[in-house]
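J.: just a sequence and a predicted model for now, questions to come.
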Protein chains: 2
Amino acid sequence: MSEKCILVGQSGGPTAAINSSLAGVIAAGIEAGVRVEGMRYGIQGFLDGRSVRLDEAFANPVDLELLRNTPSSWLGSCRYKLPSPADDEATYQHLFRRFKEIGAAAVLYIGGNDSMDTIAKLGAFGREYGSDIRFIGVPKTIDNDLVATDHTPGYGSAGRFVATAMNEIAYDADVYDLKSVTFVEIMGRDAGWLAASCSLALARPDIVLLPEVPLDEKALIDRIAQLLEQKNTVMVGVSEGVRTPDGTLVCERAATGVGTDEFGHLATLSGAGRYLASLAKEQLGCKTRAVELSTLQRCASYVASQTDLDEAFELGRTGVRAALAGETTKMCALERVADDPYEVRTKLVDVLAVANQVKHVPREWISEDGLDVTDELMAYMRPLVGELPAQLASIG
Amino acid sequence: MSEKCILVGQSGGPTAAINSSLAGVIAAGIEAGVRVEGMRYGIQGFLDGRSVRLDEAFANPVDLELLRNTPSSWLGSCRYKLPSPADDEATYQHLFRRFKEIGAAAVLYIGGNDSMDTIAKLGAFGREYGSDIRFIGVPKTIDNDLVATDHTPGYGSAGRFVATAMNEIAYDADVYDLKSVTFVEIMGRDAGWLAASCSLALARPDIVLLPEVPLDEKALIDRIAQLLEQKNTVMVGVSEGVRTPDGTLVCERAATGVGTDEFGHLATLSGAGRYLASLAKEQLGCKTRAVELSTLQRCASYVASQTDLDEAFELGRTGVRAALAGETTKMCALERVADDPYEVRTKLVDVLAVANQVKHVPREWISEDGLDVTDELMAYMRPLVGELPAQLASIG
């Protein structure tokens, strides 16, 4: 094959929007009359010789439209951190041989932190090696923890699921005439963005615990006790990454959080909600419950944010256009122009400024007592998640 | 108050459709020019003197429309099993005094098994007591385990959530190039209806385990091993009520299923999925995962089935019309006329035939090996759950 192509891969955990970015890449490639090749299972599968011709597979616009609304990574993904060239130059030689074989004029990688690290490393090696292949990163992560962009595709849809689920669990929790506290555990690792989105629920939770503020168990229990004097049902959103003042993950305190399962295998990191539900029951004597939102947070496409899907698509197109214009080692990013009416524009940022950084929720966007989010954070999140379906408020 | 009224209550666990039935009762009351009163927190709250005037609260049709789409029990609920009159006549005397005070011409109770038991007991006592109050049951349960009706409002919406979630978890599970088995745990107690609905997912699960068939662990593991030779990702739907051949609940085998939490409290009954994931990991050595769909199964209104909401509304209206026509100790029920195109009509059945019975999935609607559902069951469920959003099939 002599004709040049755009080569695209998906990496890291799935989201509801990562296929929309892939659709944007394919659409822009088709528009530009360029062949588009996809890596199966990311860089790792591509190293094993696996790729798929995308401009042909998606010649029918109906399929491209379906792809925009399909969750997870259609090409497959990997969790592969590229070694540094100093440690393993052979892998780079192999990769660049494969790039040449397939005729890659540009490599686009859709992913989070590690993917931007991959783009940065490939760009640096290519420059040294005298390659003219362009390397562009297209961001995605439900955690919204990438720097240098206002927000990250995948976040708005995950946040929309979290806000919707929080609302419905709150309605569910308020059914009986008794005092109860419900803890809803939300993903996001060390960043509180996703957990914060639960506050957008029509039935706004009373308390939100983010990893950015060390958990003060006594203050939490006191606040819950105070709330229970005024109302039956207390709702608490809990980030899975919440830590105690000494830096210990709260989930490590849960019997089933980190530890072993029935057969002695190490279980996944979860349980902050369960631990706090047990603590509250112990100290307050009322009914408590823990709900884990689990996998659906990252893959629930039936409640995807249209803004998120549209922006993801647009960033995929931006990546192709940037590459064709000769840009390299850049990440496509979003710059917010205004909150209301919401306006955003795409831009390119240096991928080196993004790789291996984590963007936390600013302390000033969390209430002073650390138990709620501020109006600024609400205004930031609202347009990304979109308007939620109208429902009747609780009888109260 | 001398004018007669329709008195309505909601009981048992919330669903996405129980408020639609309430809306049907209110609408029919308003249409008939009858006052409608609601029990707060079911019979229990009503005994404590708590009620709300519904025809006035919902005079605006916009609110009634919102109520149709609001999950959970808007009036509040209770889990109160009425004693038998022989054991506690005083409670009945108290209740019938309260019925008289509020001017109840008819009492409608929206709920599951226990609610039909309540209606049966009240009807029997009323007859003996010489009361002319009519007692009508309006069914709801996500478990779909009520007899004498083709299906029960609440089931279609819960099934739609389960099928959608199963689909999205399947997409999520298939992302990496490795062998894995995912167990999705689904509610339904001793009936497999809700668990079976996961088979409607576009990405249909490979195996479904229902409580109606005793679990054969060896056959299950052998089947999974066979599937893993053909494909990367095996998906298994598991009913929470699955039992071993000796009648033990599988969830009792999970360390965290029945047992104690971090503080020594008895935990809720769950864990069949976790147990089986551990078993499969132990025996097959591949990656396994357990996902509990949890509370969202009964309250996820954003993915409600329109057929379910419409039928729930219609049964609420049917209840009022039946009461006004002089019927008593009846349950409003659905009779299926045809699967495709789907057609259903409402009817009245003797509430005594329903109370305290459980409708199981017929054995002939489960495959011979007990590991899947049949086409008959698929045809039964499909119109209740409704058409699911189109997505792109896996790259395969």
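T.: Alright, I've got the coordinates.
J.: could you list the domains of chain A?
T.: A:5-153+A:301-353, A:158-300+A:361-385 (automatic domain parsing).
J.: chain A: helices as residue ranges?
T.: A:18-32, A:42-47, A:54-57, A:61-68, A:89-102, A:113-129, A:155-173, A:193-196, A:217-230, A:272-284, A:296-299, A:306-324, A:375-385 (DSSP state H).
J.: stretch A:378-386 near chain B at all?
T.: No. Shown here: stretch A:378-386 not in contact with chain B (Cβ under 8 Å from any Cβ of the partner chain), separated by at least 12.3 Å. In short, each C-beta sits where N, CA and C put it, glycine included.
J.: buried residues in that stretch, which are they?
T.: A:378, A:380-386 (16 or more other Cβ atoms under 10 Å in any protein chain shown).
J.: output the below-cut-off pLDDT ranges for chain A.
T.: Filtered on pLDDT under 70, chain A yields the residue ranges A:1-2, A:255-269, A:396.
J.: residues from the stretch 51-200 of chain A in reach of chain B?
T.: Residues of the stretch 51-200 of chain A lying near chain B (Cβ under 8 Å from any Cβ): A:52, A:63, A:66-67, A:69-79, A:164-165, A:168-169, A:171-172, A:174-177.
J.: one step back: need the domains of chain A in a markdown table with distance to residue B:345, can you?
T.: What follows is the domains of chain A, written out as a markdown table (distance: least, Cβ to Cβ, whole Å):
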| stretch | distance to residue B:345 |
| --- | --- |
| domain A:5-153+A:301-353 | 31 |
| domain A:158-300+A:361-385 | 31 |
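J.: quick one: which of those domains is nearest residue B:230?
T.: domain A:5-153+A:301-353 (17.3 Å; Cβ to Cβ).
J.: nearest residue to residue A:189 in space, please, no chain neighbours.
T.: residue A:241 (5.2 Å; Cβ to Cβ, 6 or more residues apart in numbering or on different chains).
J.: most tightly packed of the helices of chain A?
T.: By mean neighbour count, with neighbours taken as mean count of other Cβ atoms under 10 Å in any protein chain shown, helix A:193-196 ranks first of those at a mean of 30.
J.: counting by contacts, list what that helix packs against.
T.: helix A:155-173, strand A:207-209, strand A:233-239, helix A:375-385 (3 or more Cβ pairs under 8 Å, 6 or more residues apart in numbering or on different chains; DSSP states H and E).
J.: for those, give me a markdown table that also has distance to residue A:331.
T.: Formatted as a markdown table, the helices and strands packed on helix A:193-196 follow (distance: least, Cβ to Cβ, whole Å):
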| stretch | distance to residue A:331 |
| --- | --- |
| helix A:155-173 | 15 |
| strand A:207-209 | 29 |
| strand A:233-239 | 25 |
| helix A:375-385 | 18 |
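J.: which of those sits closest to residue B:365?
T.: Comparing those under Cβ to Cβ, the one sitting nearest is helix A:155-173, at 29.8 Å.
J.: if I take the closest one and helix A:375-385, what angle do their directions form?
T.: Per axes from the mean of the first three to the mean of the last three Cα atoms, to 10 degrees, the angle that helix A:155-173 makes with helix A:375-385 is 100 degrees.
J.: and helix A:155-173, what does it pack onto?
T.: Helix A:155-173 packs on strand A:180-186, helix A:193-196, strand A:233-239, helix A:296-299, helix A:306-324, helix A:375-385, helix B:296-299, going by 3+ Cβ pairs under 8 Å, 6+ apart.
J.: out of these, the one nearest residue B:133 is which?
T.: helix B:296-299 (30.7 Å).
J.: return the alpha-carbon coordinates of that closest one using PDB.
T.: This file holds the C-alpha atoms of helix B:296-299, laid out as PDB (Å, rounded to 0.1, in the frame of the first residue of the first chain):
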ATOM      1  CA  LEU B 296     -31.600   1.100  40.000                       C
ATOM      2  CA  GLN B 297     -33.400  -2.000  38.800                       C
ATOM      3  CA  ARG B 298     -36.600  -0.900  40.500                       C
ATOM      4  CA  CYS B 299     -36.300   2.900  40.200                       C
END
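J.: residue A:245 - nearest residue in space that isn't next to it in sequence?
T.: In space, residue A:245 is closest to residue A:214, 4.2 Å off (Cβ to Cβ, 6+ apart).
J.: tell me, how many residues neighbour the one you found?
T.: 14 (other Cβ atoms under 10 Å in any protein chain shown).
J.: that older thread, mind putting the helices and strands packed on helix A:155-173 into TSV with distance to residue A:147?
T.: Below are these laid out as TSV (distance: least, Cβ to Cβ, whole Å):
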stretch	distance to residue A:147
strand A:180-186	21
helix A:193-196	12
strand A:233-239	19
helix A:296-299	21
helix A:306-324	16
helix A:375-385	15
helix B:296-299	33
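J.: so which of those is nearest residue B:232?
T.: helix A:296-299 (16.8 Å).
J.: that closest one near chain B at all?
T.: Yes. Counting by Cβ under 8 Å from any Cβ, contacts between helix A:296-299 and chain B involve A:296, A:298-299.
J.: now for that helix, which elements pack on it?
T.: Looks like helix A:296-299 contacts helix A:155-173, helix B:155-173 (3+ Cβ pairs under 8 Å, 6+ apart).
J.: distance to residue A:329 added to those, as JSON lines?
T.: Shown next, in JSON lines, are the helices and strands packed on helix A:296-299 (distance: least, Cβ to Cβ, whole Å):
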{"stretch": "helix A:155-173", "distance to residue A:329": "24"}
{"stretch": "helix B:155-173", "distance to residue A:329": "31"}
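J.: endpoint to endpoint, stretch A:327-346 covers what distance?
T.: 14 Å (Cα to Cα, to the nearest Å).
J.: swap in stretch A:203-213?
T.: 23 Å.
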